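[1] Prediction below, plus the sequence it came from.
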Amino acid sequence: MARILTITLNPALDLSVETAPLTLGEVNRTGHTLMEPAGDGFPPSGLANLVEQASQADKPVWLDTSGAGLKAGIKAGPYAIKPNTDELSDWAGTPLKDLASVAATVDGIRAGGVSHVVVSMGADGVFWSSPAGILRSRVPPVSLVSTVCAGDTLLAGMLHGVLGGQSEDTVLAFATALSAECVQHIGVGDPEAPDFHSLLQQTRVQPWPGQNNTGEIRL
(Lines give C-alpha, C1' and ligand atoms only; values in the text may rest on other atoms or scores of the structure.)
Protein backbone atom coordinates (compact mmCIF):
# COMPACT_ATOMS: atom_id res chain seq x y z
CA MET A 1 0.00 0.00 0.00
CA ALA A 2 1.36 3.41 -0.92
CA ARG A 3 2.02 5.75 1.97
CA ILE A 4 2.54 9.50 2.21
CA LEU A 5 5.19 11.27 4.24
CA THR A 6 3.63 14.57 5.34
CA ILE A 7 6.07 17.30 6.26
CA THR A 8 4.44 20.30 7.96
CA LEU A 9 6.97 23.00 8.71
CA ASN A 10 5.88 24.84 11.86
CA PRO A 11 7.16 28.44 12.03
CA ALA A 12 6.94 28.30 15.83
CA LEU A 13 9.85 25.85 15.92
CA ASP A 14 13.51 26.35 15.14
CA LEU A 15 13.70 23.17 13.11
CA SER A 16 17.42 23.51 12.50
CA VAL A 17 17.92 22.92 16.25
CA GLU A 18 14.94 20.88 17.46
CA THR A 19 14.35 18.56 14.50
CA ALA A 20 16.89 16.13 13.08
CA PRO A 21 17.52 16.40 9.33
CA LEU A 22 15.44 14.15 7.11
CA THR A 23 17.63 11.35 5.78
CA LEU A 24 17.27 9.55 2.47
CA GLY A 25 16.62 6.37 4.45
CA GLU A 26 13.61 7.98 6.09
CA VAL A 27 12.35 9.26 2.75
CA ASN A 28 12.77 5.82 1.22
CA ARG A 29 10.29 4.31 3.68
CA THR A 30 7.44 6.30 2.13
CA GLY A 31 5.55 6.15 -1.14
CA HIS A 32 4.74 9.82 -1.78
CA THR A 33 5.95 12.94 -0.02
CA LEU A 34 3.56 15.80 0.72
CA MET A 35 5.30 19.01 1.76
CA GLU A 36 3.08 21.75 3.11
CA PRO A 37 5.07 24.54 4.82
CA ALA A 38 3.15 26.54 7.41
CA GLY A 39 4.05 30.23 7.51
CA ASP A 40 7.42 31.91 7.03
CA GLY A 41 9.45 30.31 9.81
CA PHE A 42 11.22 27.75 7.60
CA PRO A 43 13.73 29.08 5.07
CA PRO A 44 13.06 28.46 1.36
CA SER A 45 16.51 26.89 1.04
CA GLY A 46 15.59 24.32 3.68
CA LEU A 47 12.38 23.49 1.85
CA ALA A 48 14.27 23.12 -1.43
CA ASN A 49 16.70 20.77 0.29
CA LEU A 50 13.86 18.55 1.50
CA VAL A 51 12.35 18.47 -1.99
CA GLU A 52 15.71 17.49 -3.46
CA GLN A 53 16.26 14.72 -0.89
CA ALA A 54 12.88 13.15 -1.56
CA SER A 55 13.28 13.50 -5.33
CA GLN A 56 16.73 11.93 -5.21
CA ALA A 57 15.15 8.99 -3.39
CA ASP A 58 12.75 8.69 -6.36
CA LYS A 59 9.74 9.65 -4.23
CA PRO A 60 7.13 11.94 -5.82
CA VAL A 61 6.90 15.23 -3.93
CA TRP A 62 3.54 17.04 -3.87
CA LEU A 63 4.37 20.60 -2.84
CA ASP A 64 1.76 22.99 -1.45
CA THR A 65 3.28 26.35 -0.55
CA SER A 66 3.52 29.94 -1.76
CA GLY A 67 5.80 32.96 -2.06
CA ALA A 68 9.52 32.39 -1.73
CA GLY A 69 8.90 28.78 -0.72
CA LEU A 70 7.10 28.08 -4.00
CA LYS A 71 9.87 29.70 -6.03
CA ALA A 72 12.59 27.72 -4.29
CA GLY A 73 10.52 24.55 -4.27
CA ILE A 74 9.85 24.61 -8.02
CA LYS A 75 13.57 25.05 -8.73
CA ALA A 76 14.25 21.96 -6.60
CA GLY A 77 12.15 19.79 -8.91
CA PRO A 78 9.02 18.51 -7.14
CA TYR A 79 6.75 16.01 -8.83
CA ALA A 80 3.67 18.17 -8.37
CA ILE A 81 2.62 21.60 -7.08
CA LYS A 82 -0.77 23.00 -6.08
CA PRO A 83 -0.87 26.81 -6.07
CA ASN A 84 -4.03 28.88 -6.25
CA THR A 85 -4.38 31.60 -8.87
CA ASP A 86 -3.00 34.34 -6.62
CA GLU A 87 0.00 32.24 -5.62
CA LEU A 88 0.73 31.36 -9.24
CA SER A 89 0.41 35.02 -10.23
CA ASP A 90 2.90 35.93 -7.52
CA TRP A 91 5.31 33.30 -8.82
CA ALA A 92 4.91 34.59 -12.38
CA GLY A 93 5.30 38.22 -11.33
CA THR A 94 2.15 39.26 -13.18
CA PRO A 95 -1.61 38.94 -12.66
CA LEU A 96 -3.07 35.91 -14.43
CA LYS A 97 -6.47 37.18 -15.51
CA ASP A 98 -7.66 34.44 -17.84
CA LEU A 99 -7.30 30.74 -18.35
CA ALA A 100 -4.95 31.20 -21.30
CA SER A 101 -2.43 33.06 -19.13
CA VAL A 102 -2.74 30.41 -16.42
CA ALA A 103 -2.13 27.70 -19.03
CA ALA A 104 0.91 29.48 -20.46
CA THR A 105 2.43 29.89 -17.01
CA VAL A 106 1.75 26.26 -16.15
CA ASP A 107 3.33 25.17 -19.45
CA GLY A 108 6.52 26.97 -18.45
CA ILE A 109 6.62 25.26 -15.07
CA ARG A 110 6.02 21.83 -16.57
CA ALA A 111 8.73 22.47 -19.18
CA GLY A 112 11.09 22.94 -16.26
CA GLY A 113 10.42 19.42 -15.02
CA VAL A 114 7.35 19.54 -12.76
CA SER A 115 5.09 16.70 -13.90
CA HIS A 116 1.79 17.86 -12.37
CA VAL A 117 0.54 21.40 -11.80
CA VAL A 118 -2.84 21.75 -10.08
CA VAL A 119 -4.18 25.31 -9.93
CA SER A 120 -7.16 26.00 -7.68
CA MET A 121 -9.24 28.87 -9.09
CA GLY A 122 -11.98 29.25 -6.49
CA ALA A 123 -15.44 29.47 -8.00
CA ASP A 124 -13.89 28.90 -11.44
CA GLY A 125 -12.83 25.36 -10.60
CA VAL A 126 -9.48 23.64 -10.97
CA PHE A 127 -6.91 23.49 -13.77
CA TRP A 128 -4.77 20.33 -13.85
CA SER A 129 -1.90 19.91 -16.29
CA SER A 130 -0.14 16.54 -16.31
CA PRO A 131 1.64 14.17 -18.72
CA ALA A 132 -1.82 12.76 -19.53
CA GLY A 133 -3.08 16.13 -20.76
CA ILE A 134 -4.92 19.17 -19.40
CA LEU A 135 -8.22 19.05 -17.55
CA ARG A 136 -10.40 21.81 -16.16
CA SER A 137 -13.14 21.21 -13.62
CA ARG A 138 -16.18 23.40 -13.01
CA VAL A 139 -17.81 23.51 -9.62
CA PRO A 140 -21.52 23.82 -8.88
CA PRO A 141 -22.64 27.04 -7.11
CA VAL A 142 -22.39 26.74 -3.33
CA SER A 143 -22.90 29.03 -0.33
CA LEU A 144 -19.50 30.31 0.74
CA VAL A 145 -18.77 30.28 4.48
CA SER A 146 -14.99 29.92 4.61
CA THR A 147 -12.19 29.10 2.16
CA VAL A 148 -9.88 27.97 4.96
CA CYS A 149 -8.85 24.33 4.32
CA ALA A 150 -10.29 24.36 0.77
CA GLY A 151 -6.86 24.01 -0.83
CA ASP A 152 -5.80 21.34 1.65
CA THR A 153 -9.02 19.46 0.96
CA LEU A 154 -8.46 19.70 -2.79
CA LEU A 155 -4.95 18.28 -2.53
CA ALA A 156 -6.08 15.52 -0.17
CA GLY A 157 -8.80 14.58 -2.65
CA MET A 158 -6.30 14.53 -5.50
CA LEU A 159 -3.90 12.26 -3.62
CA HIS A 160 -6.76 9.98 -2.57
CA GLY A 161 -7.60 9.37 -6.21
CA VAL A 162 -4.05 9.23 -7.56
CA LEU A 163 -2.90 6.73 -4.94
CA GLY A 164 -6.06 4.73 -5.56
CA GLY A 165 -5.25 4.43 -9.26
CA GLN A 166 -8.40 6.23 -10.38
CA SER A 167 -8.79 7.85 -13.79
CA GLU A 168 -7.79 11.50 -14.14
CA ASP A 169 -11.40 12.60 -14.67
CA THR A 170 -12.53 10.75 -11.55
CA VAL A 171 -9.67 12.12 -9.47
CA LEU A 172 -10.35 15.73 -10.43
CA ALA A 173 -14.12 15.50 -10.09
CA PHE A 174 -13.89 14.01 -6.59
CA ALA A 175 -11.27 16.48 -5.38
CA THR A 176 -13.14 19.47 -6.81
CA ALA A 177 -16.47 18.42 -5.32
CA LEU A 178 -14.85 17.75 -1.94
CA SER A 179 -13.29 21.22 -1.96
CA ALA A 180 -16.67 22.74 -2.86
CA GLU A 181 -18.22 20.91 0.09
CA CYS A 182 -15.45 22.28 2.31
CA VAL A 183 -16.18 25.99 1.70
CA GLN A 184 -19.76 25.62 2.93
CA HIS A 185 -18.61 25.29 6.56
CA ILE A 186 -15.63 25.61 8.86
CA GLY A 187 -13.14 22.78 8.56
CA VAL A 188 -12.08 20.26 5.92
CA GLY A 189 -14.31 18.71 3.25
CA ASP A 190 -16.43 15.74 4.25
CA PRO A 191 -17.17 13.02 1.67
CA GLU A 192 -19.88 11.73 4.01
CA ALA A 193 -21.76 15.05 4.00
CA PRO A 194 -25.43 14.75 2.95
CA ASP A 195 -24.95 16.93 -0.15
CA PHE A 196 -21.58 15.57 -1.28
CA HIS A 197 -23.00 13.07 -3.76
CA SER A 198 -25.08 15.83 -5.35
CA LEU A 199 -22.04 18.12 -5.57
CA LEU A 200 -20.04 15.33 -7.19
CA GLN A 201 -22.77 14.69 -9.75
CA GLN A 202 -22.88 18.40 -10.64
CA THR A 203 -19.11 18.80 -10.99
CA ARG A 204 -18.02 18.91 -14.63
CA VAL A 205 -14.58 17.90 -15.91
CA GLN A 206 -13.48 18.50 -19.49
CA PRO A 207 -10.26 18.67 -21.50
CA TRP A 208 -8.77 22.12 -22.01
CA PRO A 209 -8.94 23.86 -24.37
CA GLY A 210 -12.41 22.53 -25.03
CA GLN A 211 -15.48 23.44 -27.02
CA ASN A 212 -17.42 26.46 -25.68
CA ASN A 213 -14.55 27.33 -23.33
CA THR A 214 -13.89 31.09 -23.52
CA GLY A 215 -10.89 30.95 -21.24
CA GLU A 216 -12.25 33.71 -19.04
CA ILE A 217 -11.75 33.60 -15.30
CA ARG A 218 -13.60 35.77 -12.81
CA LEU A 219 -10.87 37.27 -10.63
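    Cool, the structure landed.

[2] Return the set of residues that bridge with the closest residue to Asp169 other than its chain neighbours.
    With sequence-adjacent residues excluded and distances taken as CB to CB, 6 or more residues apart in numbering, Asp169 is closest to Val205, at 4.9 Å. Bear in mind the C-beta positions are built from the backbone N, C-alpha and C, glycine included. Beta-bridge partners for Val205, by DSSP bridges, are Ser137.

[3] Enumerate every residue touching Val205.
    Residues near Val205 by CB atoms under 8 Å, 6 or more residues apart in numbering: Leu135, Arg136, Ser137, Arg138, Asp169, Leu172, Ala173, Thr176.

[4] Now name the helix or strand holding Pro95.
    For Pro95, there is no host helix or strand (DSSP states H and E).

[5] Retrieve the pLDDT associated with the residue sitting nearest the centre point of the chain.
    Central residue of the chain (CA atoms, centre = their mean): Lys82, 2.4 Å from the mean position. pLDDT for Lys82: 95.

[6] what about Ala156, how many residues close to it?
    Residues contacting Ala156 under the criterion other CB atoms under 10 Å number 19.

[7] residues touching it, list them.
    Ala175, Leu178, Val188, Gly189.

[8] Greatest separation within the residues you listed: which pair is it?
    Put simply, by CB to CB the two of those set farthest apart are Ala175 and Val188, 12.4 Å from each other.

[9] between those two, who's got more neighbours?
    More crowded of Ala175 and Val188, by other CB under 10 Å: Ala175, with 28 against 15.

[10] Within the helices and strands, which one has the nearest residue to the more buried one once chain neighbours are set aside?
    Distance criterion CB to CB, 6+ apart; nearest residue to Ala175, sequence neighbours excluded, is Gly157 at 3.0 Å. Secondary structure from DSSP H and E places Gly157 in helix 150-163.

[11] tell me the angle of the helix or strand just after that helix relative to helix 150-163?
    Where DSSP H and E defines the elements, the next helix or strand beyond helix 150-163 is helix 168-182. Going by axes from the mean of the first three to the mean of the last three CA atoms, to 10 degrees, helix 168-182 is angled at 150 degrees with respect to helix 150-163.

[12] Mind listing what's buried along helix 168-182?
    For helix 168-182, a neighbour-count test (16 or more other CB atoms under 10 Å) marks 168, 171-182 as buried.

[13] cool, and stretch 52-67?
    For stretch 52-67, by 16+ other CB under 10 Å, it's 52-55, 57, 59-66.

[14] What of stretch 192-211?
    Phe196, Leu199, Leu200, Gln202, Thr203, Val205, Gln206, Trp208.

[15] In terms of pLDDT, where does the first one sit?
    Looking at Phe196, its pLDDT reads 96.

[16] Trp128 versus the residue nearest to the centre of the chain, what's the distance?
    In this view, Lys82 and Trp128 are 9 Å apart by CB to CB, to the nearest Å.

[17] Mind listing the shared neighbours of those two?
    Val118, Val119.

[18] The strand or helix carrying Leu88 vs helix 150-163, what angle?
    In the assignment (DSSP H and E), Leu88 maps to helix 85-92. If you take the same axes, to 10 degrees, helix 85-92 sits at 90 degrees to helix 150-163.
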